[in-house]
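Undergrad: Predicted model and sequence follow; I will ask about them next.
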Amino acid sequence: MEWIAPANPSRFLALAERLLPWLAAATALAFAAGLYEAFFVAPEDYQQGATVRIMFIHVPGAWLGMLGWTIMSVAALGTLVWRHPLADVALKTAAPLGAAFTFVCLVTGALWGRPMWGTYWVWDARLTSVLVLFLMYLGLIALWRAIEDPARAGRAAAALTLVGAINLPIIKFSVDWWNTLHQPASLLRVGAPTIHPAILVPLLVMALAFTLLFLTLYLCAMRNEILRRRVRTLRLLQAQAAQGA
Amino acid sequence: MTALAALLLRDMRLAVRVGGGALMGVLFFLLVVTMVPFGVGPDLKLLARIGPAILWLGALLATLLGLDRLLAADHDDGSLDLIVMSHAPLELAVAAKAMAHWLTTGLPLVIAAPLLGIFLNIDGAAIGIVALTLVVGTPALTFIGLIGAALAVALERGGLLLPVLVLPLTVPVLIFGISAADAAILNAAPFGAPFLILIALTLMSVVIGPFAAAAVLRHGLD
């Protein structure tokens, strides 16, 4: 099968059916390994104690929230520039997933901030820009639901996704550009990561588990969306036939 | 007269004539500024402290409410289709419409701001600074709102969708506008840095807004 074959929705459905059991199994294994590492292998922080373990959910949630919008931006280019048949399906289904992971990031961050900083929320650059990302996700989902025809909705949503992509570098560099309460970058920065391997390895395993979870749910959601559109088309044909008869 | 100049003048004439759309924004601005002391209490020192922020938020909300006048009216009577199909580049056409919209909606807000600043007990020099940041920042609000207006143009029951889409995109303009105003009033930080960034945001939105809106209109209109 050529690599471009999955552009055909039926071939994509077949491919998704084959891949999903493996992805689901891999996700379960990765979570098992990651949670074991997070709770039993990673040491407690000398200052924060056991609450540092929230990081193993909070940080992957943040990464996946941003990865969601990045995937959506690529899908948006696929819709507007390359006219890929499944691009707007990819765009539509990534939005609720990305929003969910961003929400997890915000909530776990607030729960972590209460014991650590003494406050659930502070209006610094990093938290504000992630909140704006969450609001843009919700706005995008609202736009999808407001337009009846899926193809037209896809094009409008693609334009909004590309405009909103400006927020991603703002989030990433917010801790560098502004004086923030949120800690500065520890991993993707100039120079080596500043996290000790004993905490870095569980973090990366959990990040892998979260990414596999995202991919599994994403394939399920894309499959559901394709089937939903087929049902809609069948209903429209049925209504037309009934009208004509 | 070129097509773009004709479009600009047409929009300005319509805005001044039809339903008082231009001055309705100023009226809403006045109402918002009046509501605030009911909410936070009449303490004059407090109002002077938050005054620049109230003026900025009022200008933002008044601009948002006026945005559905930008493209929806033309869509309803079919002239938007003519504009899309005309020889003039669509990006420049929507930029001309946004410029006309700012001249008739945004600029009256800026002119009204000093008068409303008196209600909020902001002193003279500070009023001038807030007005300066507003005159630089309100075009950014209009041109970013142009993108939302293009997205919402075909929705009959758009409702609150337009503000929901536009508000997150206008957050940087709001942040730097108020940062510049506060920096100059309180003398706590240099005024030049946030002011220059505000100018940069306006210039960027004047470019990006029309391109994005034109792309949406071309792809989205059936």
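TA: Great, that's in hand.

Undergrad: Flag every residue of chain B that's near chain A.
TA: Neighbours of chain A within chain B, by CB under 8 Å from any CB of the partner chain: B:147, B:150-152, B:154-155, B:157-158, B:161, B:164-165, B:167-169, B:171-172, B:208, B:212, B:215-216, B:219-220, B:222. Where C-beta positions appear, they are placed from N, C-alpha and C, glycine not excepted.

Undergrad: redo that, cut-off 7 Å
TA: B:147, B:151, B:155, B:161, B:164-165, B:168-169, B:171, B:212, B:215-216, B:219-220, B:222 (CB under 7 Å from any CB of the partner chain).

Undergrad: if I look at residue A:30, how far off is chain B?
TA: Distance, residue A:30 to chain B, by CB to the nearest CB, to the nearest Å: 33 Å.

Undergrad: my guess is that residue meets residue A:210, correct?
TA: No. Using CB atoms under 7 Å, residue A:30 is not in contact with residue A:210; the gap is 8.5 Å.

Undergrad: And the least confident helix or strand in chain B by mean pLDDT, what does it pack against?
TA: Least confident element among the helices and strands of chain B, by mean pLDDT, DSSP states H and E: helix B:68-77 (a mean of 85). The contact analysis (3 or more CB pairs under 7 Å, 6 or more residues apart in numbering or on different chains; DSSP states H and E) places helix B:68-77 against helix B:79-85, helix B:90-101, helix B:124-151.

Undergrad: winner for burial among the ones you listed?
TA: Mean neighbour count (mean count of other CB atoms under 10 Å in any protein chain shown) peaks for helix B:124-151 among the helices and strands packed on helix B:68-77, with a mean of 24.

Undergrad: now the following helix or strand past that helix: how far from the chain's centre is it?
TA: Per DSSP states H and E, the first helix or strand lying C-terminal to helix B:124-151 is helix B:161-186. Here helix B:161-186 is found 11 Å from its chain centre; the criterion is CA atoms, centre = their mean, to the nearest Å.

Undergrad: which parts of helix B:161-186 are buried?
TA: By neighbour count on 16 or more other CB atoms under 10 Å in any protein chain shown, the buried set for helix B:161-186 is B:161-185.

Undergrad: same question, stretch A:220-233
TA: Residues of stretch A:220-233 classed as buried by neighbour count (16+ other CB under 10 Å): A:220-223, A:225-226, A:229.

Undergrad: element containing the residue of chain B found nearest chain A, please.
TA: Chain A sits closest to residue B:219 of chain B, with a gap of 4.0 Å, by CB to the nearest CB. For residue B:219, the element it lies in under DSSP H and E is helix B:192-220.

Undergrad: show me where chain A has helices.
TA: Counting by DSSP state H, chain A has helices at residues A:9-36, A:55-80, A:87-117, A:125-146, A:150-164, A:167-177, A:197-244.

Undergrad: If I average pLDDT within each of the ones you listed, which one is lowest?
TA: For these, the weakest mean pLDDT is recorded on helix A:167-177, namely a mean of 82.

Undergrad: and it, what other elements does it pack with?
TA: helix A:55-80, helix A:125-146.

Undergrad: where in chain B is pLDDT low?
TA: Applying pLDDT under 70 to chain B flags residues B:1, B:18-20, B:154, B:156-158, B:221-222.

Undergrad: can you pull the contacts of residue 15?
TA: Answering for chain A, as no chain was given. residue A:6 (CB atoms under 7 Å, 6 or more residues apart in numbering or on different chains).

Undergrad: Actually, chain B is the one I wanted.
TA: Applying CB under 7 Å, 6+ apart, we find residue B:15 in contact with B:21-22, B:100, B:104.

Undergrad: Secondary structure class of the residue nearest to it when sequence neighbours are not counted, three-state.
TA: Leaving aside its sequence neighbours, residue B:15 sits nearest to residue B:104 (CB to CB, 6 or more residues apart in numbering or on different chains; 3.8 Å). Using DSSP: H, G, I helix; E, B strand; the rest coil, the structure places residue B:104 in helix.

Undergrad: quick one: residue B:104 from residue A:231, how far?
TA: 47 Å (CB to CB, to the nearest Å).

Undergrad: Name the residue of chain A that lies nearest to chain B.
TA: residue A:155 (4.0 Å).

Undergrad: before we move on, the earlier item: give me the buried positions along the least confident helix or strand of chain B.
TA: Taking 16+ other CB under 10 Å as the basis for neighbour counts, the residues of helix B:68-77 that come out buried are B:68-75.
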